[in-house]
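Novice: okay, sequence plus prediction incoming.
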Amino acid sequence: MSSSTLIRVQQLSLFNQNYCSNNNNNNKNGNEKHTISVFRLFLHIFDYIYLFHINIFLYFLLLIKRILIFFFGFWTFIFVSLRGSRKTLIQFQSVKYYDCPLQPISLHRLHFLPKKILVLDLDETLIHSHHDGQMRVDIGKPIGSPDYIIRVEIEKHPVRFFVYKRPHVDYFLETVSKWYELVIFTASIEIYGAAVSDKLDNNRNILLRRFFRQHCTLEFNAYSKDLSVVNNDLSRIFILDNSPFAYRSYPLNAIPIKSWFFDPTDTCLLSLLPFLDALRFCHDVRSVLAMNLHLHKNLMMTNRNSLITQVLPPST
Ligand SMILES: [Mg+2]
């Protein structure tokens, strides 16, 4: 081999070596670039999926929010619609108190007993009322519209009273009027008490005897009721009043009752009917009502609203 040929062979071998090394570098760079692009692709896909899922999640939350708003609005609509009729529904629910015919021996017994007198308080016992601009927030809100709106003039100022009847009061009065002589005795002023009594009487002529504030006694800044004004025979007279102070002089002639304001589910008047049905057969009401003395003390402690009402009846 000639020297020129040997040099050429060496040059070719060097070229091959350089070419191979360049190819290897290019392959390495190509692999790195390929790896980076695949990685970036994964990142893009991940971002896309992430954003897609975030959007789905936000859309889902928005959907739930709209569903809740819809149902809340729907429930509010139903509640407001039924609220007004709730009182009516409860007031006219079927109430059954079986007025059984008396046995001959019971009729005979009643025949020899003088008819007893049931004295009834008005405010917070049979009704609750408030007048223009007077709404106590501590006793709750009325349900539905008032049963009566009474317009009277007090000290030359026209005043409207919004009167709410205690649940079952009409049935109560209708029933007890067959057993007792009914008398209204209220610490409110006459013009208001008479108007409310007229409404409750409803032309039945069962609430004809009435006593008002001028017949009460002012003691300790509250009004008490003197039952002897109604009748001197204390063996056959008793009072139903939410205020223990009203009958403080006659605890043996009293039936306590919880103050009523707006509760449409109240059944206190109905619950009294069996007791009142039986009481008419006793000779002296005090012999039975004396057993209620512990209730008066409890009510005096807990029922402060009644005292407030008595000091400031709705007619003031
Ligand atoms: Mg009262």
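Specialist: That came through, no problem. Computed from a predicted structure; not experimentally measured.

Novice: how about the residues of the stretch 1-150 of the chain by the ion?
Specialist: Residues of the stretch 1-150 of the chain lying near the ion by CB under 5 Å from the ion: 121, 123-124. Quick note: C-beta positions are derived from backbone N, CA and C, even for glycine.

Novice: try 8 Å
Specialist: Proximity of the stretch 1-150 of the chain to the ion, by CB under 8 Å from the ion, involves residues 121-125.

Novice: buried among those residues? Make that a ChimeraX selection.
Specialist: Per 16 or more other CB atoms under 10 Å, the buried members of these correspond to this ChimeraX selection:
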select :121,122,123,124,125
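
Novice: next, format the residues of the stretch 1-150 of the chain next to the ion as CSV and append pLDDT, distance to residue 149 and secondary structure.
Specialist: As requested, these are exported to CSV (pLDDT from 0 to 100; distance: CB to CB, whole Å; DSSP: H, G, I helix; E, B strand; the rest coil):
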residue, pLDDT, distance to residue 149, secondary structure
121, 97, 21, coil
122, 96, 16, coil
123, 94, 16, strand
124, 94, 19, coil
125, 96, 20, coil
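
Novice: closest one of the residues of the stretch 1-150 of the chain next to the ion to residue 260?
Specialist: Nearest to residue 260 among those is residue 124, at 5.6 Å by CB to CB.

Novice: what segments of this structure are strands?
Specialist: Remark: strands assigned in the chain by DSSP state E are 117-120, 127-131, 148-154, 157-165, 181-185, 209-211, 216-219, 222-225, 237-241, 254-256.

Novice: in a markdown table, list those strands along with mean neighbour count.
Specialist: As requested, the strands of the chain are exported to a markdown table (neighbours: other CB atoms under 10 Å):
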| stretch | mean neighbour count |
| --- | --- |
| strand 117-120 | 24 |
| strand 127-131 | 22 |
| strand 148-154 | 14 |
| strand 157-165 | 17 |
| strand 181-185 | 21 |
| strand 209-211 | 18 |
| strand 216-219 | 14 |
| strand 222-225 | 22 |
| strand 237-241 | 25 |
| strand 254-256 | 24 |
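
Novice: dump those strands to CSV, plus mean pLDDT.
Specialist: Output for the strands of the chain, formatted as CSV (pLDDT from 0 to 100):
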stretch, mean pLDDT
strand 117-120, 97
strand 127-131, 91
strand 148-154, 89
strand 157-165, 91
strand 181-185, 97
strand 209-211, 97
strand 216-219, 90
strand 222-225, 92
strand 237-241, 97
strand 254-256, 94
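
Novice: much appreciated, bye for now.
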